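Enquirer: How does the following fold in three dimensions:
(one chain, ligands or ions: 1)
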Amino acid sequence: MSRRIVSADIGGTHARFALATIDGGKVVALDEPVTLRTADHGSFQLAWEEFARLSAEPLPPALAISFAGPVGGELLKLTNNPWVIRPALIPEKLGVTDYIVVNDFGAVASAVAAFDGSAYTHLCGPDEPLPAEGMVTILGPGTGLGVAGLLLGTNGAQVIETEGGHVDFAPLDALEDRILAELRKSFRRVSVERILSGRGLMNLYEALASIEGRPATIHDEKELWTAAMAGSDSLAAAALDRFCLTLGAVAGDLALAQGAAAVAIGGGLGYRLKDHLPRSGFRDRFIAKGRFERRMDALPVKLITHPQPGLFGAAAAFARKFA
Ligand SMILES: Nc1ncnc2c1ncn2[C@@H]1O[C@H](COP(=O)(O)OP(=O)(O)OP(=O)(O)O)[C@@H](O)[C@H]1O
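Expert: Coordinates of the predicted model:
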């Protein structure tokens, strides 16, 4: 029997909501989402009430939340946003009877388990579909860097939620040695998220400005991303080139560590970079793993082009649980 649910994807910058229809353990429809800026709303409950006001139909008492932070424990804190969620209070505060909360990249992994080939574009490696068996490494930059694993096998798909965005940054050439030295002036420990995130491009840009002895004239993150992608500012464009190199290197490292058979890149910024990444140094850095270069080159690397994998994936996880 089909059922309507609310799906919510809560990130550091955006909270997205959509109604979805599930049936037989699957998502059969995801309605047009509403995107709210988290900074414009004091709490998740206030954003939920705003979505209820905007919704064309009364909200059903079923909720799937994709959450950009660890999801165990009584109090959930977003890594890049001051909102907190107390799962035990969800029924009382939001008037829902059935709910789940999953990590945001766990949700993306659930989406990958459910997607067909039309949800991706090919990035590098063999141009073939994701394998039916084995590990798929999933990562994506947004406000933060999300990382998950999806283990596909004859017994179905198993999602492995991780905090892999917080592994250490490893420089690979002399310029990156200098970038790391610059970033260490601001951060006690330089994780890959300090580079592979919305704010990370600003960190790269400011580090390059300092190294080159040039003024950093752009101070707004969105403006920097726009200038970098348009190539209208040479320093911003150079920062984006470095961003793509690091994304390739980190995707390769995570694939090696997870024993991956394939890789899928997502995240709000992965999506925005879908035309840029194939023309960047991503692939060269992805395969540059010394004796494992041929093995890396044999991994299909896909870019998720579905516009809402978080919302779809949270709904898919709900559909599986309450099937
Ligand atoms: N045109 C743009 N509009 C909005 N944000 C942009 C744009 N270009 C780049 N960004 C950057 O993208 C980041 C937001 O990414 P995304 O849309 O994936 O948000 P999110 O889902 O809230 O993130 P996360 O799930 O990682 O917490 C911000 O750091 C922002 O600076």
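Enquirer: Which residue ranges of the stretch 151-300 of the chain form strands?
Expert: When assigned using DSSP state E, counting those that start in this stretch, the strands of the stretch 151-300 of the chain occupy the ranges 156-161, 260-265.
Enquirer: can these go into TSV with extra columns for mean pLDDT, mean neighbour count and distance to Ala20?
Expert: Heads up, the C-betas are built off the backbone N, CA and C, glycines and all. Shown next, in TSV, are those (pLDDT from 0 to 100; neighbours: other C-beta atoms under 10 Å; distance: least, C-beta to C-beta, whole Å):
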stretch	mean pLDDT	mean neighbour count	distance to Ala20
strand 156-161	94	16	18
strand 260-265	98	24	21
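Enquirer: can I get the ones you listed in JSON lines with distance to the ligand?
Expert: As requested, these are arranged in JSON lines below (distance: least, C-beta to the nearest ligand atom, whole Å):
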{"stretch": "strand 156-161", "distance to the ligand": "14"}
{"stretch": "strand 260-265", "distance to the ligand": "12"}
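Enquirer: nearest to Met202, of these?
Expert: Evaluated over the strands of the stretch 151-300 of the chain, closeness to Met202 peaks at strand 260-265, with 20.8 Å, by C-beta to C-beta.
Enquirer: Need the residues that contact that closest one.
Expert: Strand 260-265 is contacted from outside by 108, 112, 120, 123, 125, 130-131, 133-140, 149, 247, 251, 254-255, 277, 286, 299-304, using C-beta atoms under 8 Å, 6 or more residues apart in numbering.
Enquirer: For ChimeraX, write the selection for the buried entries among these.
Expert: With 16 or more other C-beta atoms under 10 Å as the criterion, this ChimeraX line picks the buried residues out of these:
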select :108,112,120,123,125,130,135,136,137,138,139,140,149,247,251,254,255,277,286,299,300,301,302,303,304
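Enquirer: if we can go back for a sec, out of the strands of the stretch 151-300 of the chain, flag the one nearest Pro58.
Expert: Between Pro58 and those, the tightest spacing by C-beta to C-beta is seen for strand 156-161, at 30.8 Å.
Enquirer: in its sheet, what does that closest one sit against?
Expert: Here strand 156-161 is paired, per DSSP bridges, with strand 145-153 (antiparallel).
Enquirer: tilt between the partner strand and strand 260-265?
Expert: On the basis of axes from the mean of the first three to the mean of the last three C-alpha atoms, to 10 degrees, strand 145-153 is oriented at 140 degrees to strand 260-265.
Enquirer: how far is strand 145-153 from where the chain is centred?
Expert: 11 Å (C-alpha atoms, centre = their mean, to the nearest Å).
Enquirer: And it, what's buried?
Expert: Leu145, Gly146, Val147, Ala148, Gly149, Leu150, Leu151, Leu152.
Enquirer: Now do the same for the residue of the chain most remote from its centre: its pLDDT.
Expert: Largest separation from the mean C-alpha position in the chain: Gly213, at 33.2 Å (C-alpha atoms, centre = their mean). Note for Gly213: predicted pLDDT of 98.
Enquirer: Equivalent analysis for Gly12, please.
Expert: 88.
Enquirer: Now do the contacts for the residue of the stretch 101-250 of the chain found nearest the ligand.
Expert: Per C-beta to the nearest ligand atom, Gly198 is where the stretch 101-250 of the chain lies closest to the ligand, at 1.6 Å. Going by C-beta under 8 Å, 6+ apart, Gly198 touches Thr13, Pro141, Gly142, Thr143, Glu221, Trp225, Gly268, Leu269.
Enquirer: Considering those, which possesses the most neighbours?
Expert: Neighbour counts for these, by other C-beta atoms under 10 Å, peak at Pro141, which reaches 29 neighbours.
Enquirer: okay but that residue is in contact with Gly270, surely?
Expert: Yes - using C-beta atoms under 8 Å, Pro141 is in contact with Gly270, at 6.2 Å.
Enquirer: What residues does the protein have near the ligand?
Expert: 11-14, 68, 80, 104, 142-144, 146, 198-199, 221-222, 225, 267-269, 272 (C-beta under 6 Å from any ligand atom).
Enquirer: ok, 5 Å please
Expert: 11-14, 68, 142-144, 198, 221-222, 225, 268 (C-beta under 5 Å from any ligand atom).
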